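# No sequence on hand, only this structure:
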């Protein structure tokens, strides 16, 4: 619930260190209530608008370069909250589940700082452009079941970031922004691991319930009206993150008609 991004990043670092030193054992299941969080801590800006009202962000257009970096910073800030919510919300799971998502939270905080530094170099700050809350809306929708959360946040929304990175890098290369490309290389490397972590636990929960993972994934995408990934997919990154060739082919075929 910490609102200031810099303070939130520092708190994540402290949280991870406390966990490393054994100061954060798992609480007994049912020892404290799990609260619904409709709106996590965030600064008063940026203004949040519906995602359909967001303008297209082309780096070569006036203001587009900074707007694109702002959008990426907003994603990384929200990703801190998403990773922490995975730790907070779902109880009674193995220790490496919590260790994994705490590590993700720390990496997302690091990414946020890298992108904000690039935004600052362009004379802007986080909050200067409108943003949307699509990532957190999906967190609210998936708050009741870790299987659904793993399917629709890491394996849908974060996986879309894998696909989006190569075109963004190409656009930044056209305007000579090598510094931001270097940042995106770091983010892509880590995000493959984040999607892979979601894939691992999604398949774990499916196995526990006797569900076939890939059919379950497609069923959940339909049930929750999750966004279908735009093509082209980043096939190499998705394979590294755990998607099978059959699954990738299905996604590349496009969203089936009702």
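Structure's in. What do you need? Note that the structure is a prediction, hence the values are computed from the model and not measured. Numbers count the residues shown, from 1 in each chain.
# burial count for residue 114?
As a burial measure, residue 114 scores 20 neighbours (other Cβ atoms under 10 Å). Every residue, glycine included, has its C-beta placed from N, CA and C.
# hmm, I was thinking of residue 72
Residues lying near residue 72 (other Cβ under 10 Å) number 25.
# list the contacts for it?
Neighbour list for residue 72: 115, 168, 184, 187 [criterion: Cβ atoms under 8 Å, 6 or more residues apart in numbering].
# following the host helix or strand of the first one, which helix or strand comes up?
For residue 115, the enclosing helix or strand under DSSP states H and E is helix 95-121. Beyond helix 95-121 in the direction of the C-terminus, DSSP H and E gives the next helix or strand as helix 134-141.
# which stretches of this protein aren't confidently modelled?
Applying pLDDT under 70 to the chain flags residues 52-55, 62, 258.
# What segments of it are helices?
Taking DSSP state H to define them, one finds helices in the chain at 5-20, 64-89, 95-121, 134-141, 146-152, 159-174, 178-209, 213-223, 235-240, 245-252.
# how about those in CSV, adding distance to residue 39?
Shown next, in CSV, are those (distance: least, Cβ to Cβ, whole Å):
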stretch, distance to residue 39
helix 5-20, 14
helix 64-89, 10
helix 95-121, 18
helix 134-141, 7
helix 146-152, 18
helix 159-174, 22
helix 178-209, 23
helix 213-223, 24
helix 235-240, 31
helix 245-252, 31
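# Relative to residue 50, which of those is closest?
Closest to residue 50 of these, according to Cβ to Cβ: helix 134-141, at 9.0 Å.
# re the thing from before, which of the contacts of residue 72 lies at the shortest distance from residue 213?
residue 187 (26.2 Å).
# Next, find the distance separating the closest one from residue 58.
Residue 187 is 20 Å from residue 58, where distance means Cβ to Cβ, to the nearest Å.
# More neighbours: which of these two?
Legend: neighbour count by other Cβ under 10 Å for residue 187 and residue 58, higher for residue 187 (23 against 14).
# close enough to count as contact, residue 156 and residue 222?
No - at 11.7 Å, residue 156 does not count as touching residue 222 under the criterion of Cβ atoms under 8 Å.
# Tell me which of the two has more neighbours.
Neighbour totals were compared for residue 156 and residue 222, and residue 156 leads with 23 against 12 (other Cβ under 10 Å).
# what's around the nearest residue to that one once chain neighbours are set aside, how many residues?
In space, residue 156 comes closest to residue 226 once its chain neighbours are excluded; the distance is 4.8 Å by Cβ to Cβ, 6 or more residues apart in numbering. For residue 226, the neighbour count with other Cβ under 10 Å is 22.
# What of residue 154?
Neighbourhood size, residue 154 [other Cβ under 10 Å]: 28.
# Please name the residues that touch residue 95.
Applying Cβ under 8 Å, 6+ apart, we find residue 95 in contact with residue 26.
# Distance of it relative to residue 174?
Per Cβ to Cβ, residue 95 is found 46 Å from residue 174.
# tell me the contacts of residue 191?
By Cβ under 8 Å, 6+ apart, residue 191 lies in contact with 158, 161-162, 165.
# Among these, which one sits closest to residue 205?
Nearest to residue 205, judged by Cβ to Cβ, of those is residue 158 at 17.0 Å.
# how deep is that closest one tucked in, by neighbour count?
Neighbours of residue 158 under the rule other Cβ under 10 Å: 22.
# now do residue 193
By other Cβ under 10 Å, the residues close to residue 193 number 15.
# what about the nearest residue to residue 74 once chain neighbours are set aside, neighbour count?
Spatial nearest neighbour of residue 74, chain neighbours left out: residue 131 (4.3 Å); criterion: Cβ to Cβ, 6+ apart. Residue 131: 23 surrounding residues under other Cβ under 10 Å.
# Would you confirm that residue 131 contacts residue 46?
Yes - Residue 131 lies in contact with residue 46 (Cβ under 8 Å); the separation is 4.3 Å.
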